[in-house]
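1. Pasting the sequence and the predicted model now:
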Number of protein chains: 2
Amino acid sequence: MEREMRRIKLVVAYEGTNYCGWQVQPNGVTIEEMLNNALTELLGENIQVIGASRTDAGVHSLGNVAVFDTETKIPPEKICFALNQRLPEDIVVQTSCEVPKDFHPRRCYSEKTYAYRILNRKIPVPTLRHDTYFYYRDLDVEKMQQAALYLLGRHDFKSFCSAKTTVEDTVREILSCTVERSLEHVVTIRITGTGFLYNMVRIIAGTLISVGIGEIEPSVIEKILKKKDRSAAGPTAPAQGLTMLEIKYGKST
Amino acid sequence: MEREMRRIKLVVAYEGTNYCGWQVQPNGVTIEEMLNNALTELLGENIQVIGASRTDAGVHSLGNVAVFDTETKIPPEKICFALNQRLPEDIVVQTSCEVPKDFHPRRCYSEKTYAYRILNRKIPVPTLRHDTYFYYRDLDVEKMQQAALYLLGRHDFKSFCSAKTTVEDTVREILSCTVERSLEHVVTIRITGTGFLYNMVRIIAGTLISVGIGEIEPSVIEKILKKKDRSAAGPTAPAQGLTMLEIKYGKST
């Protein structure tokens, strides 16, 4: 009797502080490598996951997605519990389930949501140092929200993409982008899109910060998009403020 | 000309994860020791701070208070900035100011507020692991709030005090106690009082958790208070869920 191969989808949360990002690399420990090692050990098969969002060093996640194929007889929903026993406490698999064999976390249509969190007050707060970007100049959140509206819809986001990219098609679609301040002085930029370019959310965050301090008027975002030139946009905001929140597969109604 | 001695008050925030609590002790690094060393170095005087809340190992703070006496000519409001240069990033002094020479952070009337945060969902979240207590059984927040009301006012809190204490007068006054659940499944117990016994907030949190899972009915809190016996209350909830939020000196109107 032939053993059956099944595709399993994991939802993976992590604090990125102690990792060199998602993707396996020669120098430094990554989230992908930790998952591959834990799964290989657990299942006794050589497992290599395919990730949805290849987050940078220092970026966090509540809902990144990875898939892998296995012959295991462990029920798919139980894999996450067994796996978490073999992972450090800064990587926690939230759910595991079986998906169709042709499901691919980057190629299937998805709506990804990221949060960029800025601690906007005069003095840092120790408990927030790893998952916010501390920025002491006053941010005008209303102006940042006005600016965010220019990003909505389908645009060529070449200006908001690392110049290092090799991608040719830089057109992406942003479905929503909101900016809010909490009582604890955390300004959160929440952005949902069907796809993001390399460093795109961090460059958007850096540019919205420039708007927030009055260096750029909100309407200038339109001109930045038209220039299709990385140097037209603001700086790339630091990694630690960014969290991959959620990936929804299939169109939302 | 004689140099003038002034008393300076600091508001101190810290993540307690890497410290053996507030109070100086022979084995292990404490917040108080870090402050003493940084101040002694900065001011060139032998400084020993007096703290308001002597928090346990692993407990965090946004607003603990410490005072010390100095002959320095550095303007009181600037001391915090110079001091933060000499402190690690998990201890950040929020403000510094001069106070009357007879101001004592523990003896003067104050209203202290603590938060106990419980991550109440089925699977842990890595970014919250240091400043929440992960508890997977469903908590009934409404029942916890009902129970909290029995704690309000002046009571003998002997049942809610570590049996290790040497304090004789165990009467304390609780001014408010609320229990709320956030969208992110964090249940926060927020409690304000004019004074707290050793481990009191953590024992209250542990007891309210017992109420939240149905082990204790809310009205039983009244009976626990009357027993004046530590074993009548629930367990001491773990340190990492506790944060000292704020200390207000003088009666609020």
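-> Structure received.
2. Chain B contacts on the stretch 1-150 of chain A?
-> By Cβ under 8 Å from any Cβ of the partner chain, the part of the stretch 1-150 of chain A that sits against chain B consists of A:13-15, A:60, A:62, A:80, A:84, A:89-95, A:123-127, A:129-131. All C-beta atoms are positioned from the backbone trio N, CA, C, and that covers glycine.
3. For A:Arg137, which non-adjacent residue is closest in space?
-> The spatial neighbour of A:Arg137 that comes closest, neighbours along the chain excluded (Cβ to Cβ, 6 or more residues apart in numbering or on different chains), is A:Ile213 at 5.1 Å.
4. Please list all residues in contact with the one you found.
-> By Cβ atoms under 8 Å, 6 or more residues apart in numbering or on different chains, the contact list for A:Ile213 reads A:Arg137, A:Asp138, A:Leu139, A:Asp140.
5. try it again with 10 Å
-> By Cβ atoms under 10 Å, 6 or more residues apart in numbering or on different chains, A:Ile213 lies in contact with A:Tyr135, A:Arg137, A:Asp138, A:Leu139, A:Asp140, A:Lys143, A:Met144.
6. That one and chain B, how far apart?
-> Shown here: A:Ile213 relative to chain B, a distance of 21 Å by Cβ to the nearest Cβ, to the nearest Å.
7. Could you list the low-pLDDT ranges of the stretch 1-150 of chain A?
-> Across the stretch 1-150 of chain A, the ranges flagged by pLDDT under 70 are A:1-2.
8. Quick one: the helices in it, in order.
-> Taking DSSP state H, counting those that start in this stretch as the criterion, the stretch 1-150 of chain A carries its helices at A:31-43, A:79-84, A:141-149.
9. Pull the CA coordinates from stretch A:14-24 and hand them back as CSV.
-> What follows is stretch A:14-24 as a C-alpha-only set of coordinates in CSV (Å, rounded to 0.1, in the frame of the first residue of the first chain):
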residue,chain,number,x,y,z
TYR,A,14,6.9,34.8,16.1
GLU,A,15,8.8,37.6,17.7
GLY,A,16,11.5,38.3,15.1
THR,A,17,14.0,40.0,17.4
ASN,A,18,16.4,37.1,17.7
TYR,A,19,16.2,35.9,14.1
CYS,A,20,17.7,36.8,10.8
GLY,A,21,14.3,37.0,9.2
TRP,A,22,12.2,34.2,7.7
GLN,A,23,14.2,32.8,4.8
VAL,A,24,17.0,30.3,5.3
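10. Pull out the buried positions in it.
-> For stretch A:14-24, the neighbour count (16 or more other Cβ atoms under 10 Å in any protein chain shown) marks A:Tyr14, A:Glu15, A:Gly16, A:Thr17, A:Tyr19, A:Cys20, A:Gly21, A:Trp22, A:Val24 as buried.
11. can you list the residues you listed in a markdown table and add distance to A:Leu175?
-> Output for the buried residues of stretch A:14-24, formatted as a markdown table (distance: Cβ to Cβ, whole Å):
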| residue | distance to A:Leu175 |
| --- | --- |
| A:Tyr14 | 25 |
| A:Glu15 | 27 |
| A:Gly16 | 24 |
| A:Thr17 | 29 |
| A:Tyr19 | 29 |
| A:Cys20 | 30 |
| A:Gly21 | 25 |
| A:Trp22 | 23 |
| A:Val24 | 30 |
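12. quick check, nearest of the residues you listed to chain B?
-> A:Glu15 (4.3 Å; Cβ to the nearest Cβ).
13. got the contact list for the closest one?
-> Taking Cβ under 10 Å, 6+ apart, one finds A:58-61, A:88-92, A:130-131, A:240, A:243, B:125-130 in contact with A:Glu15.
14. for A:Leu10, same thing?
-> The neighbours of A:Leu10, taking Cβ under 10 Å, 6+ apart as the test, are A:35, A:39, A:49, A:51, A:64-68, A:76, A:79-80, A:83, A:93-97, A:105.
15. Just the ones of these in strands?
-> In strands, defined here by DSSP state E, the members of the contacts of A:Leu10 are A:Gly51, A:Asn64, A:Val65, A:Ala66, A:Val67, A:Phe68, A:Val93, A:Gln94, A:Thr95, A:Ser96, A:Cys97.
16. measure the spatially closest residue to A:Lys101 that is not a sequence neighbour to chain B for me?
-> On the basis of Cβ to Cβ, 6+ apart, the spatially nearest residue to A:Lys101 that is not a chain neighbour turns out to be A:Arg7, at 5.1 Å. Here the criterion is Cβ to the nearest Cβ. By it, A:Arg7 lies 21 Å from chain B.
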